[in-house]
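Asker: Test case, fold it:
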Amino acid sequence: MQAWRNALQSKLSSNVSVAGVTLSRFIVAGPIAAVYLYGLYQYQDTAMPSFNNAFWGFIIGASIMQILATGLMVKLFKMNNYAVGAGLAKSEALVAAILGVLFFGSALTLLGWLGVFLGAIAVLLMSGITSIKRFDAKTALLGLACGTCFALTSLWVREGSLNSGLLFPHSAAWVLLFVISLQTLILLGYLLLKEPHTLSKLWQYKGTTVAISIFSCVGSIGWFSAMSLQHVAYVKTLGQIEVFFTILIAVLWLKQPLKKQDSAGLLLIAVAAILVMLPN
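Answerer: Here you go, the predicted structure:
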């Protein structure tokens, strides 16, 4: 889901502003998240939640960080060194592991740490960073900032789910609904005040916009659910199999040849995924 969403966002970014492309991720995702939550209650009825202040703090923090992260990613789409920046943005698993241990009480096993590091090396290798002679500091900083924002989003999503007082999967579904709804309101308000013409642009490309929202929401259901069950660093490392689907899109849809470093990176990602899935 995320591989297709990123491909479509990259395409939309050539015609729509950063804020507009960011909104495309959320604009129809809210109703989908609401239907998903309703379906969960129909399948397994449970108590309605009673949220505390900590929960709302995590919701607000995660919402803002994900908007910033998506905006930074869209800026990377527009840069010549996109591959390097996107590779550094994928450092979120390693950043999440470090922040999780330092501030969120996470405890990773030795094999888990090895898997996280191998995953980070894999995405940097596949970004082509080893072949860049003149390292672009601006692109690197943008990529690392993007990865850090995504990492904080994920960590706060997990904390929000754990503070909801609900069992899985209802806890993750409530967090998803609130985060997407708040993000939509923030971005809509900004665009109405600053870029009303961007909304017309999104309507002009409504097919792509709706597709982005659908792929994003379905992907987020998976992310939010997994992160409510397991450490963020493990989830994000396993989630790097997204790169495999990104390459499939590039090779089969965009007709781009597979590079040697891509094959090596895929092998490392496979090893990293196995390591983080081993019993802890």
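
Asker: What helix or strand is the most centrally placed residue in the chain located in?
Answerer: Nearest to the mean C-alpha position of the chain, by CA atoms, centre = their mean, lies residue 150 at 6.1 Å. Residue 150 is part of helix 137-162 when elements are defined by DSSP states H and E.

Asker: go on, residue 229?
Answerer: Counting by DSSP H and E, residue 229 is part of no helix or strand.

Asker: ditto for the one 5 residues further on
Answerer: Mapping residue 234 onto the secondary structure by DSSP H and E places it in helix 232-238.

Asker: that older thread, which neighbouring elements make contact with the helix holding residue 150?
Answerer: Packing partners of helix 137-162 (3 or more CB pairs under 8 Å, 6 or more residues apart in numbering; DSSP states H and E): helix 53-77, helix 82-89, helix 92-103, helix 170-194, helix 206-227, helix 232-238. C-beta here means a position set from N, CA and C on the backbone, and glycine is covered the same way.

Asker: Tabulate those helices in a markdown table, adding columns for mean neighbour count, distance to residue 119 and mean pLDDT.
Answerer: As requested, these are exported to a markdown table (neighbours: other CB atoms under 10 Å; distance: least, CB to CB, whole Å; pLDDT from 0 to 100):
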| stretch | mean neighbour count | distance to residue 119 | mean pLDDT |
| --- | --- | --- | --- |
| helix 53-77 | 20 | 18 | 88 |
| helix 82-89 | 24 | 12 | 59 |
| helix 92-103 | 21 | 6 | 80 |
| helix 170-194 | 20 | 23 | 94 |
| helix 206-227 | 20 | 15 | 94 |
| helix 232-238 | 27 | 4 | 83 |
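
Asker: Same list (these) but as JSON lines, adding distance to residue 110.
Answerer: As requested, the helices and strands packed on helix 137-162 are exported to JSON lines (distance: least, CB to CB, whole Å):
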{"stretch": "helix 53-77", "distance to residue 110": "29"}
{"stretch": "helix 82-89", "distance to residue 110": "25"}
{"stretch": "helix 92-103", "distance to residue 110": "12"}
{"stretch": "helix 170-194", "distance to residue 110": "28"}
{"stretch": "helix 206-227", "distance to residue 110": "22"}
{"stretch": "helix 232-238", "distance to residue 110": "13"}
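
Asker: Please name whichever of those helices is nearest to residue 114.
Answerer: Among the helices and strands packed on helix 137-162, the nearest to residue 114 by CB to CB is helix 232-238 (10.2 Å).

Asker: other SSEs contacting that closest one?
Answerer: helix 92-103, helix 110-126, helix 137-162, helix 206-227, helix 260-277.

Asker: Output the helix holding residue 234 in CSV with nothing but the alpha carbons.
Answerer: Presented in CSV, the C-alpha positions along helix 232-238 are these (Å, rounded to 0.1, in the frame of the first residue of the first chain):
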residue,chain,number,x,y,z
VAL,A,232,8.3,0.5,16.6
ALA,A,233,11.8,-0.3,15.5
TYR,A,234,10.9,-4.0,14.8
VAL,A,235,7.7,-2.9,12.9
LYS,A,236,9.6,-0.4,10.8
THR,A,237,12.4,-2.8,10.0
LEU,A,238,10.0,-5.5,8.9
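
Asker: ok, then the element right after that helix?
Answerer: Downstream of helix 232-238, the first helix or strand assigned by DSSP H and E is helix 242-248.

Asker: now for that next one, which elements pack on it?
Answerer: Packed next to helix 242-248, using 3+ CB pairs under 8 Å, 6+ apart, are helix 2-12, helix 110-126, helix 260-277.

Asker: got a markdown table for those, with mean pLDDT and mean neighbour count too?
Answerer: Shown next, in a markdown table, are the helices and strands packed on helix 242-248 (pLDDT from 0 to 100; neighbours: other CB atoms under 10 Å):
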| stretch | mean pLDDT | mean neighbour count |
| --- | --- | --- |
| helix 2-12 | 84 | 20 |
| helix 110-126 | 77 | 21 |
| helix 260-277 | 71 | 18 |
